[in-house]
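Q: need coordinates for the below:
(one chain, ligands or ions: 2)
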Amino acid sequence: MVGHKVNYYVFTDQPANVPQIPLQEGRQVVVLEVRNYKRWQDISMHRMETISNFSQQRFLREVHYLVCLDVDMKFSDHVGVEILAPLFGTLHPGFYRGDRQSFTYERRPLSQAYIPRDEGDFYYAGGFFGGSVPEVYRLTMACHQAMMADQANGIEAVWHDESHLNRYLLYHKPSKVLSPEYLWDEHMLRRPPLLRKLRYVAVPKNHAEIRNR
Ligand SMILES: CC(=O)N[C@H]1[C@@H](OP(=O)(O)OP(=O)(O)OC[C@H]2O[C@@H](n3ccc(=O)[nH]c3=O)[C@H](O)[C@@H]2O)O[C@H](CO)[C@H](O)[C@@H]1O
Ligand SMILES: [Mn+2]
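A: Ligands and ions are numbered 1, 2, ... in the order given. Got it, this is the predicted structure:
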């Protein structure tokens, strides 16, 4: 986002371990402490709560747009203001060629993330969405409340926050849908020639080691 002001809000339970990185003018890292959870699924899901809380507390005053990203990724090509829109999502790299039958939406009607078999436009990735702060506030608030309702009913959506994001974006259509160039995993998927650039890519990690501590 060259030429624009950018705040990088980093959520962590270990603020002291966030390295200091020299940045260009107009950029700053803001480290925001969040609580820890035992299960990685809870850490991932509670990002919705964290984003909605901080939106109200400060993001609404501090920025125009929010881009909500997984942390285990790196920028590997240009990502600029072309992504911005009132509400945007990104096609999940594993499903952009599939039809809706193949999407791994939540299929149990008991869950607030339920999507019937004959509905659905796209399968969106949990790791790259955003929009204006008020829109992201509404989205994250709705997803968090839906996840709390699921918890009260003893159910957890198959892909956690991603399932709830998909349900929200089905009934609140995003004004922009980004290509999987904006979220790719080179270790899981071979890059098709039609994708000339990979802009934000997963960093390899040992899931078993990280997730089962
Ligand atoms: C690339 C992509 O679309 N990722 C989605 C996919 O997760 P992934 O399989 O990419 O899961 P993940 O291990 O990256 O966890 C999701 C995110 O939660 C955060 N985290 C998780 C564990 C931890 O110990 N500490 C921590 O900070 C971190 O930002 C991480 O990137 O499915 C998840 C739900 O199942 C989320 O919807 C992710 O957004
Ligand atoms: Mn990830």
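Q: can you get me a residue count around residue 87?
A: Residue 87 has 20 neighbours, counted by other Cβ atoms under 10 Å. The way it works is simple: take the backbone N, C-alpha and C, and place the C-beta from them, glycine included.
Q: look at the closest residue to it other than its chain neighbours and report its pLDDT.
A: Leaving aside its chain neighbours, residue 87 sits nearest to residue 131 (3.9 Å; criterion: Cβ to Cβ, 6 or more residues apart in numbering). Here, the pLDDT recorded for residue 131 equals 98.
Q: how far does the helix or strand hosting residue 131 sit from the chain's center?
A: Assigned by DSSP states H and E, residue 131 belongs to strand 128-132. In terms of Cα atoms, centre = their mean, to the nearest Å, the centre of strand 128-132 is set 8 Å apart from its chain centre.
Q: in the helix or strand following that strand, what's buried?
A: Sequence-wise, the next helix or strand downstream of strand 128-132 (DSSP H and E) is helix 133-152. Residues of helix 133-152 classed as buried by neighbour count (16 or more other Cβ atoms under 10 Å): 133, 135-144, 146-147, 150.
Q: reformat these as a markdown table; add distance to ligand 1.
A: Formatted as a markdown table, these follow (distance: Cβ to the nearest ligand atom, whole Å):
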| residue | distance to ligand 1 |
| --- | --- |
| 133 | 19 |
| 135 | 18 |
| 136 | 14 |
| 137 | 18 |
| 138 | 18 |
| 139 | 13 |
| 140 | 12 |
| 141 | 17 |
| 142 | 15 |
| 143 | 10 |
| 144 | 13 |
| 146 | 14 |
| 147 | 11 |
| 150 | 14 |
